[in-house]
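Trainee: sequence plus the predicted model coming up.
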Amino acid sequence: MSSADYEIKRYTGVMDWLTTVDHKKIGMMYIWLVLIMAIFGGALAGAIRVQLAMPGAVWEAVQAAHLAGKDAPFSLFSENRDLYNQMVTMHASVMIFFVLIPGFVGFANYIVPLMIGARDMAFPKMNAFGFWLLIPSAILMMASFFVQGGAASSGWTAYPPLSLVGAGSNPGQDMWILGVHLAGMSSILAAINFIVTIANMRAPGMTWSKMPLFAWATFFTSIIQLLATPVLAAAVTMVLLDRNFGTTFTVASRGGDPVLYQHIFWTYSHPAVYIMILPGFGAISHVIAAFSHKKVFGYIGMVWAVGAITVLGFTVWAHHMFSVGMPTALQAWFMYASLAIAVPTGIKVFSWLATMWGGTIRFTVPMMFACGFISMFVFGGLGGLVLAMVPADIQLHDTYFVVGHFHLAMVGGSVMLLMAMCYFWWPKMSGRMLNERTGRFVFWFMLVGIVLAFMPMHLSGALGLPRRVPVFFADFKIINHISTLGYALTFVASLVFVGQLLLSYRKPKVVVDDPWQINDVQQSFEWATSCPPPVYNFATVPPIPVADQAGRH
Amino acid sequence: MKSLFAVLLLCLGLAVHAVEAVPQPGTEPEIAGMTVDKAVATFHPDIFALDAQKRPVHRITDSFFTPASDIARAVSYNTWFNVLVFLPFLILPQVLLIYIIFKFRKRADGRKPATFTGNHTLEIVWTAIPCLALAVVSVPVWSLLWKMELPPPDQDKALVVAVNGKKYAWDYRYFRDDIEVGQDVVGNQEPLVLEKGRVTILNITSNDVNHAWYVPSFGVKKDAIIGRYTNAWFTPDTVGVFKGNCFELCGEGHGVMFISAVVVEPEQFALWTDLQQRRASVLKVWGAVRDGAGLDETVASYLAKDGSAAARFALRYWVALNLESQCRKPPQGKDAVTMRAAVAPARAALDRALTVH
């Protein structure tokens, strides 16, 4: 059969999107799925914040009403506290499995092949499969709100024996587990694809030492995803089997051990926090270099730092479990290993500052988000150092201090990074510039919102407020009101942001390849093709960079 | 002067409030310096009691920054020390960032951006200095960790309490005194009563899902896990009432799985131990008080077994405590004030029966 006889069926419109194997279209679909899920997860957080802002959430008021023989003051979940736990669980699950992890996967999908001068990912069909797995996964999790007993309510950590409650009658937890399986599978497929693509499909002349930092970070993150995600599947499968098939992995009365689950779960879930931020570390280096109009400082150190975080990230999981009663020597190991991660992280922060030093900094919206990220992340990271110390962690474990810490790292860190990446690469991806004034509004609302929402949580946690509770003592009322206000600002900013992305499609198209005028400091290929790039990305092999990232020829 | 007077008045008011439940001081029999009402208020305090302004009577917020044990004090100092060491690393990047934002902003002066891409000395410095800081904090935390985790000194004299978490309450068993406390007659959580200055060892477990026992002022938190015992120890060094919570998500009642702990002087602790050991013997009299029938006979038979002052005190204590517990958890449609008025005659009847026999 000659090639003339063979015709590829091409669809248009919706069918094109449903059948595409183009990494750019898949990346875009990832990003829109993430935006929808982020609004949904944000709404779940809203339910939590509204509950905590209500008069019926103050224990003294409930108690006083009880002693006076009256009904308790109204609160959203006073009749059904389990529903509150469902909100907490699903907020976390949605944000982790459908926003932060696929968010970075989506950007990497679009940008990394462009950066390294490839025409697509190594396995385009597997790429599409990975994305479409997320849809049934999300549907399974969302639908669980409507089954008997409601959604999973044992926290996103799903510790047994609590996650074994309702086995056989309430399928919410089982649906959650199957949803995690599918999301995990999607994650593994993406990881394999990135590793193969980055290892094999770089343009001629782009050696490892000339590779852009976002590609490096995606490479390391994919290694974490590939090694850690199956472990999560193992952990939740134990719970699934215990719930439905009479096994006793976690049933203490029949020889199982609930703590075993915790170890296996955190073996994934600690590295997972790096899955949720490392790609952004790489990407932000590009943003900072671009708008400081300087090449990135300490390229080799930056790569080694990400590599060190990748390796160390696997050795610290039990710092989430200091209160379960481990051998003291083990606690000491996990404490010191956790502290050690601060060193490569510090190298990155200082290198970003040094990249900015001496530059001519243009404060575009992505650059503002990058600066906001550095500030918030340093605060969140230092909170992590306080938590790494066992004696302090035993006090702060499962208090709002932890909630404040990881929200500063995940919202002040990862979400800020995703926003910076989106503003930075949106002209490339959609072919339209985003409005700078609206962007500045989004940035300031989000920054102030994050500060108000999450900084005070460190205080309430240190004062002894447990997390995942729908009622609290009156002393925490003001702190909770401040957090709710901060939440409202952030949520408004998020809605405006999504609206801005939608409206950008009505704007005129970008006609140049390099709308930010930054290609001379980037040394990556995505600014050497049109906005948006053609299906084949590059008509000819992109020009070979003359110097590596450290400036050596 | 005027404001000082106002503060004094306020203190007086609070003091009066704290003892307002005590009737006719001076005429009551006392043991270990406590009347029956004071004993009830001390050994089974209502941690959520509100004053007339609906403010909590007991300490507002317990945390490890308001330590009440040797462990909590050590942890508190250690944490402040660590925070002090970490603080420069929080401030320095923020200050640098702000400086850079203002100093290196692109201006119309046509300045060219610098072209350096690395500086080995600088990179070594900002790798080495954080390592140094971590080394500094690593040393004191090492000894504190082992202190917390190894068994305490003076184990033989220690108070050993088995803590059992269950949905959504706590049971305590004092091994050496053969005492069990948990929920009172209406299901209110009873406090963990501890002796000031005596090493306390907790053996914590659960009989359903995971819980975590934590009273912030004592500075120890351990998970309660079915099939396992976790251990913690501390020496309470301050008399008072301390609040805590369950700290591991355990279901719909997690948020209201409260803990209260009371630390008392040694002689009061001896009284409490004695009262607890007589708990079973007063059940018949309490049944008579509750049902409003057969009071005289049950009191007579109780006193026939042991007519000592301690036994009489215990009888009055338990009846007062049980009635007070009922008032703290009024049944649907009743309020605490009417409940208190309703139970007063029952106590008077018991006092009469005790004077007769």
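Mentor: Happy to help now that I have it. Everything numeric here is computed off the predicted structure, so don't read it as measured data.

Trainee: go through the helix ranked longest in chain A and flag the buried ones.
Mentor: Across chain A, the longest stretch assigned as helix under DSSP state H is helix A:213-244. Buried residues in helix A:213-244, counted by 16 or more other CB atoms under 10 Å in any protein chain shown: A:213-229, A:231-233, A:235-240, A:242-243. From N, CA and C alone the C-beta is placed, and that goes for glycine too.

Trainee: what is the burial count for residue B:173?
Mentor: 16 (other CB atoms under 10 Å in any protein chain shown).

Trainee: in three-state terms, how would it be classified?
Mentor: Assigned state for residue B:173: strand (three-state reduction, DSSP: H, G, I helix; E, B strand; the rest coil).

Trainee: give the contact list for it.
Mentor: Contacts for residue B:173 (CB atoms under 8 Å, 6 or more residues apart in numbering or on different chains) come out as B:161, B:162, B:164, B:179, B:180.

Trainee: distance from the chain centre to the next helix or strand along the chain from the longest helix of chain A, please.
Mentor: Downstream of helix A:213-244, the first helix or strand assigned by DSSP states H and E is helix A:258-275. A distance of 16 Å separates the centroid of the chain from that of helix A:258-275, by CA atoms, centre = their mean, to the nearest Å.

Trainee: can you count the residues close to the nearest residue to residue A:498 once chain neighbours are set aside?
Mentor: Using CB to CB, 6 or more residues apart in numbering or on different chains and skipping the chain neighbours, the partner closest in space to residue A:498 is residue A:35 (5.4 Å). In terms of burial, residue A:35 registers 20 neighbours under the definition other CB under 10 Å.

Trainee: could you check the pLDDT of residue A:35?
Mentor: Listed pLDDT for residue A:35 reads 97.

Trainee: then residue A:547?
Mentor: 57.

Trainee: again with residue B:6
Mentor: In this model, residue B:6 carries a pLDDT of 51.

Trainee: cool, and the one 4 residues further on?
Mentor: Here, the pLDDT recorded for residue B:10 equals 48.

Trainee: quick one: low-confidence ranges for chain B?
Mentor: B:1-27, B:54, B:58-61 (pLDDT under 70).

Trainee: one more time with 80
Mentor: Within chain B, the stretches with pLDDT under 80 are B:1-29, B:48-62, B:64, B:154, B:332-333, B:356-357.

Trainee: ok, now chain A?
Mentor: Those would be A:1-10, A:523, A:541-553, if you go by pLDDT under 80 across chain A.

Trainee: tell me the centre residue of it?
Mentor: residue A:100 (2.1 Å; CA atoms, centre = their mean).

Trainee: which residue is the nearest non-sequential neighbour of that residue?
Mentor: residue A:276 (4.1 Å).

Trainee: and whichever residue of the stretch 1-150 of chain B sits closest to chain A, backbone torsions?
Mentor: Closest residue of the stretch 1-150 of chain B to chain A, CB to the nearest CB: residue B:114 (3.2 Å). Main-chain torsions, residue B:114, degrees, to the nearest 10: phi -60, psi 160.

Trainee: one step back: most widely separated two among the contacts of residue B:173?
Mentor: B:164 and B:179 (13.8 Å; CB to CB).

Trainee: neighbour count for the two, which is higher?
Mentor: More crowded of residue B:164 and residue B:179, by other CB under 10 Å: residue B:164, with 21 against 17.

Trainee: what strand or helix carries the more buried one?
Mentor: Going by DSSP H and E, residue B:164 is part of strand B:159-166.

Trainee: can you pull out the residues in contact with that strand?
Mentor: In contact with strand B:159-166 (CB under 8 Å, 6+ apart) are residues B:170-176, B:192, B:194-195, B:198-208, B:211-213, B:224, B:246, B:250, B:257.

Trainee: switch to 7 Å and redo it
Mentor: B:170-176, B:192, B:194-195, B:198-208, B:211, B:213, B:224, B:246 (CB atoms under 7 Å, 6 or more residues apart in numbering or on different chains).

Trainee: picking up where we left off before, now the residue nearest to the centre of chain A: how far from residue A:187?
Mentor: Relative to residue A:187, residue A:100 is positioned 11 Å away (CB to CB, to the nearest Å).

Trainee: how about residue A:145?
Mentor: Distance from residue A:145 to residue A:187, by CB to CB: 23 Å.

Trainee: neighbour count winner among these two?
Mentor: Per other CB under 10 Å, whichever of residue A:145 and residue A:187 has more neighbours is residue A:187, with 27 against 16.

Trainee: now do the helices in the stretch 51-200 of chain A.
Mentor: Secondary structure of the stretch 51-200 of chain A (DSSP state H, counting those that start in this stretch): helices at A:59-67, A:81-94, A:101-115, A:124-143, A:172-200.

Trainee: so who does residue A:423 touch?
Mentor: Residue A:423 touches A:365, A:366, A:369, A:434, A:439, counting by CB under 7 Å, 6+ apart.

Trainee: residue B:263 - that's part of a strand, no?
Mentor: Yes: looking at residue B:263 with three-state DSSP, it is inside a strand.

Trainee: so what's the nearest residue to it once chain neighbours are set aside bridging to?
Mentor: In space, not counting the residues next to it along the chain, residue B:263 is nearest to residue B:236; the distance is 4.3 Å by CB to CB, 6+ apart. With DSSP bridges applied, residue B:236 shows beta-bridge pairing to residue B:69.

Trainee: neighbours of residue B:236, how many?
Mentor: Residue B:236 has 27 nearby residues by other CB under 10 Å.

Trainee: residue contacts, it?
Mentor: Residue B:236 touches B:68, B:69, B:194, B:196, B:200, B:218, B:263, counting by CB under 7 Å, 6+ apart.
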